[in-house]
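K.L.:
just coords:
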């Protein structure tokens, strides 16, 4: 024996699956989604993904180098973080977005806390939320073939009809990794390879579907539910982000609790809040509960479980409920109660909010139809609005919905005109809602804004008399916008300088109201 | 009630093809023989020979000291060179009787008498087992006469012959079952005489079809013995895994198999029991697989206990030309002990000499990285423990948490968690240390209490 022998404690064999192999599997499971994303989004989309991945890897490499730590780039986790971040961005974002995001994810969220395994929230998601807060406008603009369009979930929220097939194949406007089909394939592959536990995604789906079905206001409408599942990043969040080992619990029961938490929070945010990012926030918040879950959900060794003790004492009981430890039942009940309570609060406050809204509306109605003393609902208008079912009105006015229409009465109860409440989603920053006053002949008596949150000094100037009084006392069937601001024509409205998008949205909204009045209300009469 | 398989487990590469079809060959030692005085759990045996005594094959050279202890029987004839400290597998020094082997193997008993074990009384069976110095050959070396005498023999439901042989590389039990099936079945029948309410189960992993076939043939017509083929999965051959499958019971470390109605013995042990019961033959030899990528002619050997591993390697043709031996294991890669030198005697519990070359264990040398919290260790643990949290508790110096919250003392050191860990963290390794510390603290507390 001329050379020395290695001495170590057993075991002396190791599985081939290493950290870097696992991460490589996750990376490749995301590749189909990336390909479909690039296919639909074009070359720029590819640059976004590359920027995210390359920056992530470089950030980790440089951090390790500067801090004199062993190089951890080869564990592939930085590349996975970069790819997940890239896929969760819109394909049209400027390249500084993925670059900044990846730096934030790797340096701040991961490396500062000690590298892979030590971060307490998912780096890619944290970076996405960081970007959402810092660059909200850029992050929520989704363009497809150069046209800015609503994401399917926004359409869904406003009651529009969405194309499930588009969602399934990823051609709907949204993030790069928006293809439901490839996401499911990738997730399934990871499950087959025993890399992710089915419990997390399944409990996310089940709890989310239950929540949305119960509180989403559409019941068990399959199309609605399918759209909710396939749209808005639920699949990517539940299959690739929630299953991130580092920021998910360890025990199987912990997985179920964590998954349900994500599903319920995601459902809550979708039903009550903005749709696009519900699951980013749901997962991040649930990440924070992971240490708590792991502290309290400690599975006992098989030998100490109740079932084993019963078997040993000769009385095995195979009751369904006995199979679940108490904490599981308690937590499920708490989660359900919390959900019910929250939706209860929402329902209660919703009425109060609606009443306030009505009072505010009445004020603005009076402003646009000064001759009226009181307002009352008209069945014909209500029926016509109900027929629209909350969808966008017409095809020439952008994304406009008709909210309400009332008749204005003078002191003796005669109809002096009508007021319509119209909302457009085409504002520069947010939705714009306005009241439009009309005489019975269809002459506009004025407009007033009940919801206007545009850029100060730009779009907000729509509320100034210079702009909005242009609508007073004019009798046309359709206004046109003069962007130069020097129009004198009978149907021309001069744009606010530097805010043609806001101006155009307002004109379109007014035109939609006029069209609705002329063709539906009057035509219907 | 019984299930197909136990919970958890892993599938390490088997490497059994190196030696699986090599029949057991008898190897008679040529050099000096070393008999360690502690080859079993319990008190070391007490020498009954002294320097320059002439001993014969089959002569008791050290007697059991107390109930939980075992006789040591000479496997060669010759002169006692002395009683001195010799190196054990782990490198520690231990008292041993060293005999100058004269190479003639003169037996103590020249005329063997044969008895049908089915005519023996219970006390007689236990006496013969004890006199033969039989201990559990599967690993721990628990004295068999103690195991076979539980408090309540009528409460035993299953006598399990463990032929699983789930450790990679090792094949000597496979060969033993193929060639000594009748004897093993008689051994099980002998044990069943002690336990009137028990059923015999011979458990073998699926990857040994010839052994399963041979054992089934030998069991043909026996009402109370059956062969059970089990899925190939490590650690299927662990006592608790077998009991989980066969009796459907998981039990804590504070209990013995007998407490849940089971007696588990390795097929090698059962063969030794049969030999002792029928012929009064003492345990002087056992099956050892000499294998690994560094061995010229891997094979299975019937070896006299006390033979040097270095000599055994020569019997297998020595090192393979061009192979760089990096690790020498007594046992397989999952639970085997890495030896610093091959000049160590085989003992009753030795079942393999596995010599690895660099590429066979290169994965085990990868550097440890941060824990991913992937949970593979917990999913694979056959006891349902949480290795990740246990290691965390150890790193936090919270042995109390390790023991009470995470039931660390339930760990059976099977190596499954370390094997599966993608971050190459030393889980099993750390638990062995922590368990030793907890036990030491318990002993200290007990001593302080006196």
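P.N.:
Now that the structure is in, tell me what you want to look at. In this text the structure is predicted, and so the values were computed from the model without any measurement.
K.L.:
for the residue in the stretch 351-450 of chain B that chain A sits nearest to, give me its contacts.
P.N.:
The stretch 351-450 of chain B approaches chain A most closely through residue B:415 (3.1 Å), counting by C-beta to the nearest C-beta. (Glycine included, C-beta is placed from N, CA and C.) Residues near residue B:415 by C-beta atoms under 8 Å, 6 or more residues apart in numbering or on different chains: A:10-11, A:13, B:334-335, B:428.
K.L.:
ok, now which ones touch the residue lying closest to it once chain neighbours are set aside?
P.N.:
Closest residue in space to residue B:415, ignoring its immediate chain neighbours: residue A:11 at 3.1 Å, by C-beta to C-beta, 6 or more residues apart in numbering or on different chains. Residue A:11 makes contacts with B:333-335, B:364, B:415-416, B:418-419, B:428, as judged by C-beta under 8 Å, 6+ apart.
K.L.:
cutoff 7 Å now
P.N.:
Taking C-beta atoms under 7 Å, 6 or more residues apart in numbering or on different chains, we find residue A:11 in contact with B:333-335, B:415, B:418-419, B:428.
K.L.:
next, give phi and psi for the residue of the stretch 351-450 of chain B closest to chain A.
P.N.:
When read as degrees, to the nearest 10, the backbone of residue B:415 gives phi 90, psi 0.
K.L.:
same check, this time on the one 10 residues further on
P.N.:
Per-residue torsions, residue B:425: phi -80, psi 140 (degrees, to the nearest 10).
K.L.:
how deep is residue 440 tucked in, by neighbour count?
P.N.:
All of this refers to chain A. 14 (other C-beta atoms under 10 Å in any protein chain shown).
K.L.:
other chain: chain B
P.N.:
Applying other C-beta under 10 Å, I find that residue B:440 has 10 neighbouring residues.
K.L.:
widest-spaced pair of the contacts of residue B:415?
P.N.:
Within the contacts of residue B:415, A:13 and B:428 form the most distant pair, 11.5 Å apart (C-beta to C-beta).
K.L.:
can you pull out the low-pLDDT segments for chain B?
P.N.:
Counting by pLDDT under 70, the ranges of chain B that qualify are B:1-3, B:359-365, B:449-450.
K.L.:
longest helix in it, by residue count?
P.N.:
For chain B, the longest helix by residue count, based on DSSP state H, is helix B:427-449.
K.L.:
what does that one rub up against?
P.N.:
Contacts for helix B:427-449 (C-beta under 7 Å, 6+ apart): A:9, A:11, B:377, B:387, B:390-391, B:394, B:399, B:402-403, B:408-409, B:411, B:413, B:415, B:417-418, B:421.
K.L.:
from those, which land in strands?
P.N.:
Among the contacts of helix B:427-449, no member falls in strands (DSSP state E).
K.L.:
picking up where we left off before, chain center to the longest helix of chain B: distance?
P.N.:
23 Å (C-alpha atoms, centre = their mean, to the nearest Å).
K.L.:
what do you get for stretch B:248-256?
P.N.:
Its chain's average C-alpha position is 19 Å from that of stretch B:248-256, according to C-alpha atoms, centre = their mean.
K.L.:
same check on stretch A:88-100?
P.N.:
How far stretch A:88-100 lies from its chain's middle: 17 Å, per C-alpha atoms, centre = their mean.
K.L.:
neighbours of whichever residue of the stretch 1-150 of chain B sits closest to chain A, how many?
P.N.:
With C-beta to the nearest C-beta, the shortest gap between the stretch 1-150 of chain B and chain A falls at residue B:12, namely 5.2 Å. By other C-beta under 10 Å, the residues close to residue B:12 number 23.
K.L.:
what's the helix or strand for it?
P.N.:
Here residue B:12 is covered by no helix or strand, with elements defined by DSSP states H and E.
K.L.:
show me what contacts it?
P.N.:
Contacts of residue B:12 by C-beta under 7 Å, 6+ apart are A:13, B:168, B:234, B:334, B:419.
K.L.:
am I right that the last one is in contact with residue A:17?
P.N.:
I take that to be residue B:419. No. The criterion here is C-beta atoms under 7 Å, and residue B:419 misses it with residue A:17 at 10.3 Å.
K.L.:
these two: which is more packed in?
P.N.:
residue B:419 (26 against 18).
K.L.:
residue B:273 and chain A: what is the separation?
P.N.:
28 Å (C-beta to the nearest C-beta, to the nearest Å).
K.L.:
just the helices in chain B please.
P.N.:
Applying DSSP H to chain B gives helices spanning B:122-131, B:144-147, B:172-179, B:181-194, B:209-219, B:239-246, B:267-279, B:309-315, B:376-380, B:387-395, B:399-400, B:416-420, B:427-449.
K.L.:
just those: most buried one?
P.N.:
Stretch with highest mean neighbour count among these: helix B:416-420 (a mean of 28; mean count of other C-beta atoms under 10 Å in any protein chain shown).
K.L.:
what sits up against that helix?
P.N.:
Taking C-beta under 7 Å, 6+ apart as the rule, helix B:416-420 contacts A:11, A:13-15, B:8-10, B:12, B:234-235, B:334, B:376-377, B:380-382, B:387, B:426-429.
K.L.:
swap in stretch A:439-447?
P.N.:
So stretch A:439-447 is contacted by A:367-369, A:415, A:417, A:434-438, A:468, A:471-475, A:510, A:517-518 (C-beta under 7 Å, 6+ apart).
K.L.:
buried ones among those residues?
P.N.:
A:368-369, A:417, A:434-438, A:468, A:471, A:510, A:517 (16 or more other C-beta atoms under 10 Å in any protein chain shown).
K.L.:
hang on, the earlier thing: which one of the contacts of residue B:415 is nearest residue A:266?
P.N.:
Using C-beta to C-beta, the contacts of residue B:415 come closest to residue A:266 at residue B:428, 39.3 Å.
K.L.:
now for the nearest residue to residue A:502 once chain neighbours are set aside, how many residues are close by?
P.N.:
Distances taken as C-beta to C-beta, 6+ apart put residue A:459 closest to residue A:502, at 3.4 Å, once the chain neighbours are dropped. Residue A:459 has 25 neighbours, counted by other C-beta under 10 Å.
K.L.:
wait, doesn't residue A:459 sit right on residue A:500?
P.N.:
No. Contact criterion C-beta under 7 Å: residue A:459 and residue A:500 do not qualify, at 9.7 Å.
K.L.:
for chain B, what are the nearby residues on the stretch 151-300 of chain A?
P.N.:
Selection of the stretch 151-300 of chain A residues close to chain B by C-beta under 7 Å from any C-beta of the partner chain yields A:245-246, A:250, A:298-300.
K.L.:
can I get the residues you listed in TSV with secondary structure, distance to residue B:98 and neighbour count?
P.N.:
Formatted as TSV, these follow (DSSP: H, G, I helix; E, B strand; the rest coil; distance: C-beta to C-beta, whole Å; neighbours: other C-beta atoms under 10 Å in any protein chain shown):
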residue	secondary structure	distance to residue B:98	neighbour count
A:245	coil	54	22
A:246	coil	56	22
A:250	coil	52	22
A:298	coil	52	16
A:299	coil	51	18
A:300	coil	49	16
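K.L.:
hmm, which two among these are most spread apart?
P.N.:
Taking C-beta to C-beta as the measure, these span a maximum distance of 24.6 Å, between A:246 and A:300.
K.L.:
got the residues of the stretch 51-200 of chain B near chain A?
P.N.:
Residues of the stretch 51-200 of chain B found near chain A (C-beta under 7 Å from any C-beta) are residue B:168.
K.L.:
one step back: between the contacts of residue B:415, which sits nearest residue A:87?
P.N.:
residue A:13 (36.7 Å).
K.L.:
domain ranges for chain B, per the record?
P.N.:
Domains of chain B are assigned by automatic domain parsing as B:16-23+B:113-279, B:27-101, B:285-364, B:376-449.
K.L.:
which residues does residue B:216 contact?
P.N.:
Listed by C-beta under 7 Å, 6+ apart, the contact partners of residue B:216 are residue B:227.
K.L.:
before we move on, which element is residue A:493 in?
P.N.:
Using DSSP H and E, residue A:493 maps to strand A:492-494.
K.L.:
report the buried residues of stretch A:369-386.
P.N.:
For stretch A:369-386, the neighbour count (16+ other C-beta under 10 Å) marks A:369, A:372, A:375, A:378, A:381, A:384-385 as buried.
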